[in-house]
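A.B. asks: Fold the following and give me the result.
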Amino acid sequence: MFHRHFYNVEQVTGVVDSGTTYKLYYTETEREKILSFLQLSKQNINVPVGARLYPQIQVCPSDCTKRMGDVTVKSVGFHMHAWGRMIALRHIRDGKELEPLAM
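C.D. replies: Got it, this is the predicted structure:
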C-alpha cells in the first residue's frame, strides 16, 4: 500500500508539489511478520455552530479485530488537519478499558 496526501490548507490554486521524492525497496525474501494498516475514518462530520467540544466516536469492535490474530501496534497516526482539538485511541479488552494507545 502506498498513500500520499497533499494538504493545501490555504487552498491556493495552481500549487504543484515538485519536491517530494520516495525510495521504495523490494526483496523477494518473505518477512516473518507482515506489516499491515488499519485505518478508521469518519466522513461528513457536521459540528453544530458554536460547539466548543463535539465528540466523535469511531469503533472497531472485537468481532472485527479478532480476525486479525495477534497484533502489535507499532505506531498510531492521527489526521485532523487544523480542525481537531484533541484525539485519543482508546483500547478496550475483555470489556475493560486499558491505557490509551495514543493521545
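A.B. asks: in the chain, which ranges drop under the pLDDT threshold?
C.D. replies: 1 (pLDDT under 70).
A.B. asks: quick one, helices of the protein?
C.D. replies: Using DSSP state H, the helices found in the chain span residues 62-65.
A.B. asks: Residues contacting the longest strand anywhere in it, please?
C.D. replies: Scanning the chain for the strand with the most residues, using DSSP state E, yields strand 96-102. With contacts defined as Cβ atoms under 8 Å, 6 or more residues apart in numbering, strand 96-102 is touched by Val73, Val76, Phe78, Ala88, Leu89, Arg90, His91, Ile92. Every C-beta, even on glycine, is put in place using the N, C-alpha and C of the backbone.
A.B. asks: and if we set it to 7 Å?
C.D. replies: Val73, Val76, Ala88, Leu89, Arg90, His91 (Cβ atoms under 7 Å, 6 or more residues apart in numbering).
A.B. asks: so how far is it from its chain's centroid?
C.D. replies: 16 Å (Cα atoms, centre = their mean, to the nearest Å).
A.B. asks: Same check on stretch 21-32?
C.D. replies: Here the centre of stretch 21-32 is set off from its chain's centre by 23 Å, with Cα atoms, centre = their mean.
A.B. asks: How about stretch 46-62?
C.D. replies: 16 Å.
A.B. asks: okay, how far is it across it, tip to tip?
C.D. replies: This stretch, stretch 46-62, spans 28 Å end to end (Cα to Cα, to the nearest Å).
A.B. asks: Please apply the same query to stretch 87-100.
C.D. replies: 10 Å.
A.B. asks: Over to stretch 65-72?
C.D. replies: First-to-last residue span, stretch 65-72, Cα to Cα: 12 Å.
A.B. asks: And for stretch 26-38?
C.D. replies: Start and end residues of stretch 26-38 are separated by 22 Å (Cα to Cα).
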